[in-house]
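# One predicted model, sequence on top.
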Amino acid sequence: MLREPLSPPEAKRLILAILSSGDFWTSDHASQELAKDQMTQVDVVNVLRGGSVEPAEWVKHSWRYRVRTTRMMVVVAFDSERNSPS
């Protein structure tokens, strides 16, 4: 079980491990937002690989991690048993 929230370095390590395994997906909402922003899956992967992870925020029943480069930002939520904030 994943114990969230993760620190930014822990989240980055997990993001890189997930990318390396190829076991990731984007939600329907994320796909719509990507299309609106004219971003591709390649852009998402590049941001996740090279971006900086910000501290987690509790939003709509899950921990969200913003990953930023100088030009783009992607929000990540891990599909795990969710822990409520203390």
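Received it, and whenever you're ready, just let me know what you need.
# For A30, I want the exact helix or strand it lies within.
Take DSSP states H and E as the rule and A30 turns out to sit in helix 28-36.
# Show me what that helix is packed against.
Judged by 3 or more Cβ pairs under 8 Å, 6 or more residues apart in numbering; DSSP states H and E, helix 28-36 is in contact with helix 41-50. Quick note: C-beta positions are derived from backbone N, CA and C, even for glycine.
# neighbouring contacts of the helix it packs on?
Helix 41-50 is contacted from outside by 15-16, 19, 26, 34, 67-69, 72-74, 76, using Cβ atoms under 8 Å, 6 or more residues apart in numbering.
# what would those look like in JSON lines with secondary structure?
Output for these, formatted as JSON lines (DSSP: H, G, I helix; E, B strand; the rest coil):
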{"residue": "I15", "secondary structure": "helix"}
{"residue": "L16", "secondary structure": "helix"}
{"residue": "L19", "secondary structure": "helix"}
{"residue": "T26", "secondary structure": "coil"}
{"residue": "L34", "secondary structure": "helix"}
{"residue": "V67", "secondary structure": "strand"}
{"residue": "R68", "secondary structure": "strand"}
{"residue": "T69", "secondary structure": "coil"}
{"residue": "M72", "secondary structure": "coil"}
{"residue": "M73", "secondary structure": "strand"}
{"residue": "V74", "secondary structure": "strand"}
{"residue": "V76", "secondary structure": "strand"}
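# got these as CSV, with pLDDT columns?
Shown next, in CSV, are the contacts of helix 41-50 (pLDDT from 0 to 100):
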residue, pLDDT
I15, 97
L16, 97
L19, 96
T26, 90
L34, 95
V67, 98
R68, 98
T69, 98
M72, 97
M73, 97
V74, 97
V76, 96
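# Perfect, that will be all.
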